[in-house]
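Undergrad: Sequence plus the predicted model coming up.
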Amino acid sequence: MQKETIFIASDHAGYALKQCICDHLSTQGRKVEDLGTHSEESCDYPVFAHKLCAKVLENDRQGILICGTGTGMSMAANRHPGIRAALCTHEFQAKFARAHNNANVLCLAGRISSPTLACAISDLFLEQEFEDGRHSRRVELIEIQKVD
Ligand code: RB5
């Protein structure tokens, strides 16, 4: 079991699911650093997305972001060069977000995915290795290239 710290954050709409994921990962013996939010009081998802992305980049770790749909979190996270955030509502997406896209941030939808499904998605995301090979070139091409 990987013991590296996993960063996690949510807005109010993802708060309940964040608590479930934190409990689930902690039970597995994983180290989880919860960057908030810490209640269901209304808050702004980009604040938490930016906070988590800074930690992921600084520490070269993986992160999990949760809002109501996962959409706002993924939009904000993907503004950071070096962050590859994948919104996953199905286990298949989580597996290939890692295997083919080398995603370093998983975005979950607190108002769509059940805790059971979200935990299964998180497990696949954290366990799956990047396949490298031809996928490395494609992942490098994701970063915006200067166009002459
Ligand atoms: C909050 O109501 C909701 O807009 C937010 O959680 C998220 O779904 C945005 O993308």
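TA: All right, it came through fine. Numbers count the residues shown, from 1 in each chain.

Undergrad: which residues does the residue of the chain found nearest the ligand contact?
TA: Minimum separation of the chain from the ligand (C-beta to the nearest ligand atom) falls at G72, amounting to 2.5 Å. For the C-beta atoms, the positions are set from N, CA and C on the backbone; glycine is no exception. By C-beta atoms under 8 Å, 6 or more residues apart in numbering, the contact set of G72 is D11, Y45, P46, A49.

Undergrad: Tell me the most packed of those, by neighbour count.
TA: Among these, the one with the most neighbours (other C-beta atoms under 10 Å) is A49, at 29 neighbours.

Undergrad: can you give me the mean pLDDT across the helix or strand harbouring that one?
TA: For A49, the host element (DSSP states H and E) is helix 45-59. For helix 45-59, the mean per-residue pLDDT is 98.

Undergrad: Turn the contacts of G72 into TSV, including distance to P115.
TA: Shown next, in TSV, are those (distance: C-beta to C-beta, whole Å):
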residue	distance to P115
D11	17
Y45	19
P46	24
A49	21
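
Undergrad: Would you confirm that K51 contacts I8?
TA: No - the pair K51 / I8 is not scored as a contact, 11.0 Å apart, by C-beta atoms under 8 Å.

Undergrad: Which residue ranges of this protein form strands?
TA: Here the chain has its strands, by DSSP state E, at 6-10, 32-34, 62-67, 85-87, 105-109.

Undergrad: To I142, which of those lies closest?
TA: Of all the strands of the chain, it is strand 85-87 that lies closest to I142, at 11.2 Å by C-beta to C-beta.

Undergrad: So which residues on this protein come close to the ligand?
TA: D11, A13, Y45, C67, G68, T69, T71, G72 (C-beta under 6 Å from any ligand atom).

Undergrad: any weak-confidence spans in this protein?
TA: Applying pLDDT under 70 to the chain flags residues 1-3.

Undergrad: centroid residue for it?
TA: L106 (2.1 Å; C-alpha atoms, centre = their mean).

Undergrad: Can you get me a residue count around the closest residue to N59 other than its chain neighbours?
TA: Using C-beta to C-beta, 6 or more residues apart in numbering and skipping residues adjacent in sequence, the residue nearest N59 is T5, 6.9 Å away. For T5, the number of neighbouring residues by other C-beta under 10 Å comes to 15.

Undergrad: Many thanks, I have nothing further to ask.
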